[in-house]
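Asks: give me the fold of what follows.
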Amino acid sequence: MNGVPLPALPAESVADPATEALDLAGLAEALRRSLPAGAQVRVEWHHPELGLGCGGEMGLPASVPARFRLHWAGPEGAQLAIEAAHPQPWPAGIESHWPVFARQLADAAVRLELAGRRIESLRRSERLQQALYEIADLAGSGRELQDMLRRLHAIVGELMYAENFYIALYDAHRQTMRFLYFVDQRDDWKNDPDQEIPVDDGENTLTMYLLRSGEAMRGPSAKLRARLGIPLSMFNGPDSADWLGVPMRRGDQVVGAIVVQGYHDDDLYSEDDRILLAYVAQHILVALDRHDAHEQLERRVAERTAELQHAVENLHAEVQERQRAQELQRALFSIAELSMTSATLERFYGEIHRVVGGLLYAHNFYIAMLSADGSMLEFPYSVDEYDSTRVSRKLGGGLTEYVLATGAPLLADRARIDALQREGKVRTFGSLAQCWLGVPLLHEGKVVGVIAVQSYSPDIVFTSRDQDLLTFVAYHIGSSLARKQAQDRLVQAHASLEQRVRERTRELAEANAELVEQIGERTSAERKLTHQAMHDALTGLPNRVQLLERLGRDIAQARSGPETCFAVLFLDLDRFKLVNDSVGHAVGDELLIEAGRRIVGAVRGGDVVSRLGGDEFAILAEHLEGPQMAMELGRRVLAALGAPVWVAGRELFPTASIGIAVWHPRYGSGEEMLRDADAAMYRAKGEGRDRCAMFDEAMREEATRTLDMESDLRRAIHAEAFEPYYQPIVRLGDGGQVGSEALLRWRHERRGVLAPGEFLDVGEDSGLIEQVDWLMYARVVADMARHPDTGYVAINVSPRHFRVPDFAHRLLGLLDAVGVSPSRLRIEITEVALLDDAPRTSEILNTLRARGILAQLDDFGTGFSALSYLHRFPIACLKIDRSFVSGLDGDAQASSVAVVRAIIALAGSLGIEIIAEGVETERQRERLMELGCEYAQGFLLGSPAPWAEALVSSFRRKPE
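Replies: Next comes the predicted model:
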């Protein structure tokens, strides 16, 4: 068919073959454009070099009227197939001439593709040969190793994609590996070419598998790890889309590996690339060996040359080293000596500056101290290039104040200072420093000042060694109060050292030994400070910090060992405040010391006894067999404490209450165990003191209920959910109501109306009861204002109100605000309020009495009932306690009658009213009338009720 002319086709449907690129990928499109519009063409080929491929597509059904199917053996055995289709019949001439044209064009494309690939192969061979020449030249070029490796990297990059490239050397005998060269776009790990990394049998990475197996690998790193069972870890680096690694062998031994990888394309490397890289790897190994041999030769020459100057250089180095050691030694001992020899602090500061200036840059140096009241920052010593004087100032937000606040050294360059300013943590005073170093000055564990140096030049910076030195200097300044104790030892050590320096220059090892001795003394002092920070100053026992640290370790160990059992015993001396108040704090301190000795003597050897503060101790008992063992330990401690003790000429009988909390997985910290042990201790006190109580679930539930009650109480205060209930006070003679007692009630959102007994303890402990009382007082005064003709109202006043100086003025202010006469209000107080702070209580009661508010003494007869305070305080009424009234018709009738008769007689003689509380039976009312009691209250006479109900009841009881 060659030589047959093609028929003419429409210009819009025929492409010019001269303008088409004859490549297999675009062959189908070129053929399609040579057919009428709407035609579709598909080309398929198969060849050992070209592989199996296709181009174009067929979307028309097989039944279209116009379709070609060609299949033939092309050039060099290539199998070719072409299929063409058109939805309309072919134009005249196409069926006979177009297949010939298509075959010719396809054959030509195959030939061009094969020729191009062979040309590319030749070019690659030429590049490889050139690369091998360059590698051989590099081996003998005398370049530095890293420079040579960078050039080797560039050569490999000319042969294949090698943006991510590394060389690893492996010593199977020593089980070490070195990353001689490492460049990666994503992995920011920095290699040290000289670092030998130990590896073991468990080392599991792609690189180690390659080094141990000697097997070249390529493919996505995630798939390689999955195939080899290698987990992803920080030692693998980021996963790559394609990974190629080949071993470097010296004989049969694998001595290294070369790896290239890419992060974007998953088919980046071919089998040819693997063969090429393996071939290049051996030449790179030869180059490395030649480079090592060259370096070894140069080292041997250098060593031979160095031997000629070895003796002189050693002598010169030894002299310089001794001079440097003597200079440092002299400076350190000068600092230590200054704390003992300086006559004044000003001279001490100046000498410190001179010594520090000999060790580091200290042209700008100052010492800042807090004033006695802690409000000012003073500068007793300052030398500066720009700020010639530093005047005292109020505390602000400077770098010096930052060190004072944090209590930690601060080393800051300009960038760090700017960052602190942007964060609002500091602001600068004076000239701007390029680098600033400050350390705190401590005295008795408190930060009292700062010592600082600074640089105004960016070329001068301070290091952590400078920070350590300044910290050492600051320690000596803060330790000036203790220098008398160490003076003799330091003077003797300094004199001995100066003697040895003057007599002869000893070996450097001896000088270093002396330096270590001084550092040991400093370490000993630091240990002493640490001991003081972790122990109680009075008893020498571990303090709360050390106990919590030990508890934290036990809790951490207990979580990994379920069988562990330990407990915390919280101990509080009974009535210790009475000892302090009666015989003084000095005797109290002796008692605490003796108590600590007895507790230590009663516990086991491994138990920790700690003083938490005041009269509180705690015992950490470890390795217990069970809770009963902790209870036995507590009883043993109580027995030891119970023996009489003579302190300051007095015989005392100390007792204690102990609460025990045993380890449970619910505890997350030592504070929680101490909290529960403390709660159990209060249970022991409540049960009568001098006993042990174990924290249990009932206590936990009670604590939870108390916490919930406190939360409810706070919400109720916000919602003003409290209201007064009024119980009438009547004349026994005619039943007429003369007044009422306002009783607190809480209208709880879930539990309904609650009496004070259900929440008063929680209110007292949390301090919320004062807010509740004032809400109650405001409601009572408002009710009185609305009903002006209902007699007086008595309100209950807690003793804590008498500790507030403005209580009387605030109460009178409530009455004045709504126009209620003070004579209509009475306050009821207990005997405890009279005894708590007698002068202040008397002043408040007299202030109220002067305005018409009378005071009634509640629960009379149950407390001290001292007659003296009936004369000292303006008491207008006594209320006979219900315990005596209930006895008027009970088994103790005779004794109750005698007590009531005595109280009535006493009140009558003093002109004081009497009100009997708790009248519940007709018999009690009759007996009280017989004894001469005029007023009473109780359920028989009227129950507590809101104002409206109480008002109706009072009208019903009102005599005709």
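
Asks: in the stretch 151-300 of the chain, which spans are strands?
Replies: 164-171, 176-183, 197-198, 217-219, 242-250, 253-262 (DSSP state E, counting those that start in this stretch).

Asks: nearest to Asp806, of those?
Replies: Of all the strands of the stretch 151-300 of the chain, it is strand 197-198 that lies closest to Asp806, at 76.4 Å by Cβ to Cβ. All C-beta spots, glycine's among them, are computed from the backbone N, C-alpha and C.

Asks: other residues contacting the closest one?
Replies: Strand 197-198 is touched from outside by Gln175, Thr176, Met177, Arg178, Phe179, with contacts defined as Cβ atoms under 8 Å, 6 or more residues apart in numbering.

Asks: quick check: the second one vs Val255, distance?
Replies: Looking back up the chat, that one is Thr176. 12 Å (Cβ to Cβ, to the nearest Å).

Asks: name the residues contacting each of these two.
Replies: The contact sets of Thr176 and Val255 overlap at Tyr170 (Cβ under 8 Å, 6+ apart).

Asks: still on that earlier bit, turn the strands of the stretch 151-300 of the chain into CSV, including mean neighbour count and distance to Leu569.
Replies: Converted to CSV, those look like this (neighbours: other Cβ atoms under 10 Å; distance: least, Cβ to Cβ, whole Å):
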stretch, mean neighbour count, distance to Leu569
strand 164-171, 21, 60
strand 176-183, 18, 55
strand 197-198, 12, 50
strand 217-219, 18, 65
strand 242-250, 22, 63
strand 253-262, 22, 63
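
Asks: dump those into TSV; add mean pLDDT and distance to Asp789 as well.
Replies: Shown next, in TSV, are the strands of the stretch 151-300 of the chain (pLDDT from 0 to 100; distance: least, Cβ to Cβ, whole Å):
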stretch	mean pLDDT	distance to Asp789
strand 164-171	92	99
strand 176-183	91	100
strand 197-198	89	99
strand 217-219	92	103
strand 242-250	92	101
strand 253-262	93	100
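
Asks: pull the longest helix from this protein.
Replies: Counting by DSSP state H, the longest helix found in the chain is helix 94-139.

Asks: distance from that one to the middle of the chain?
Replies: Distance, stretch centre to chain centre, for helix 94-139: 66 Å (Cα atoms, centre = their mean, to the nearest Å).

Asks: now it: mean pLDDT?
Replies: Averaged across helix 94-139, pLDDT comes to 81.

Asks: ok so, going back, out of the strands of the stretch 151-300 of the chain, the one nearest His310 is which?
Replies: strand 176-183 (29.8 Å).

Asks: so which other helices or strands are in contact with that closest one?
Replies: Contact here means 3 or more Cβ pairs under 8 Å, 6 or more residues apart in numbering; DSSP states H and E; on that basis strand 176-183 packs against helix 145-159, strand 164-171, strand 197-198, helix 206-213.

Asks: neighbouring strands of it in the sheet, and parallel or not?
Replies: strand 164-171 (antiparallel), strand 197-198 (antiparallel) (DSSP bridges).

Asks: using CSV, lay out the ones you listed together with distance to Arg111.
Replies: Converted to CSV, those look like this (distance: least, Cβ to Cβ, whole Å):
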stretch, distance to Arg111
strand 164-171, 37
strand 197-198, 54
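
Asks: Ala621 is nearest to which of the ones you listed?
Replies: Comparison of the strands paired with strand 176-183 against Ala621 by Cβ to Cβ identifies strand 197-198 as nearest, at 44.9 Å.

Asks: and the closest residue to Pro91 other than its chain neighbours, helix, strand or coil?
Replies: Leaving out its chain neighbours, the residue that sits closest to Pro91 by Cβ to Cβ, 6 or more residues apart in numbering is Pro36, at 6.3 Å. Secondary structure state of Pro36, per DSSP: H, G, I helix; E, B strand; the rest coil, is coil.

Asks: in terms of helices and strands, where is Leu315?
Replies: helix 310-341 (DSSP states H and E).

Asks: right, and the helix or strand after that helix?
Replies: helix 345-359.

Asks: next up, phi/psi of Val579, please.
Replies: The phi and psi torsions at Val579 (degrees, to the nearest 10) take the values phi -60, psi -50.

Asks: OK, contacts around it?
Replies: Val587, Gly588, Leu591, Leu652.

Asks: mind doing that once more with 6 Å?
Replies: Counting by Cβ atoms under 6 Å, 6 or more residues apart in numbering, Val579 touches Gly588.

Asks: quick one: it and Val637, what's the gap?
Replies: Distance from Val579 to Val637, by Cβ to Cβ: 19 Å.

Asks: just Ala778 next, same as before
Replies: For Ala778 relative to Val637 (Cβ to Cβ), the value is 51 Å.

Asks: if we can go back for a sec, helices or strands up against the longest helix of the chain?
Replies: Helices and strands touching helix 94-139, by 3 or more Cβ pairs under 6 Å, 6 or more residues apart in numbering; DSSP states H and E, are helix 24-33, helix 145-159, helix 271-307.

Asks: quick one: Ser610 and Pro542 touch, right?
Replies: Yes. Between Ser610 and Pro542 there is a contact under Cβ atoms under 6 Å: 4.5 Å.

Asks: can you classify Ala630 as helix, strand or coil?
Replies: Relying on three-state DSSP, one would call Ala630 helix.

Asks: count of neighbours near Val738?
Replies: If you count neighbours by other Cβ atoms under 10 Å, Val738 ends up with 14.

Asks: wouldn't it be in contact with Val793 here?
Replies: No. Look at Val738 against Val793 with Cβ under 6 Å: they stay out of range, at 11.0 Å.

Asks: list phi and psi for Ala513.
Replies: Torsion angles, degrees, to the nearest 10, at Ala513: phi -60, psi -40.

Asks: buried residues, stretch 932-947. List them.
Replies: Judged by neighbour count using 16 or more other Cβ atoms under 10 Å, the buried positions of stretch 932-947 are Cys933, Glu934, Tyr935, Ala936, Gln937, Gly938, Leu940, Leu941, Gly942, Pro944, Ala945, Trp947.

Asks: and these as a markdown table, adding distance to Arg745, pLDDT and secondary structure?
Replies: As requested, the buried residues of stretch 932-947 are arranged in a markdown table below (distance: Cβ to Cβ, whole Å; pLDDT from 0 to 100; DSSP: H, G, I helix; E, B strand; the rest coil):
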| residue | distance to Arg745 | pLDDT | secondary structure |
| --- | --- | --- | --- |
| Cys933 | 28 | 93 | coil |
| Glu934 | 28 | 92 | coil |
| Tyr935 | 23 | 94 | strand |
| Ala936 | 22 | 94 | strand |
| Gln937 | 17 | 94 | coil |
| Gly938 | 18 | 93 | coil |
| Leu940 | 21 | 91 | coil |
| Leu941 | 19 | 91 | coil |
| Gly942 | 16 | 88 | coil |
| Pro944 | 8 | 91 | coil |
| Ala945 | 10 | 89 | strand |
| Trp947 | 12 | 78 | helix |
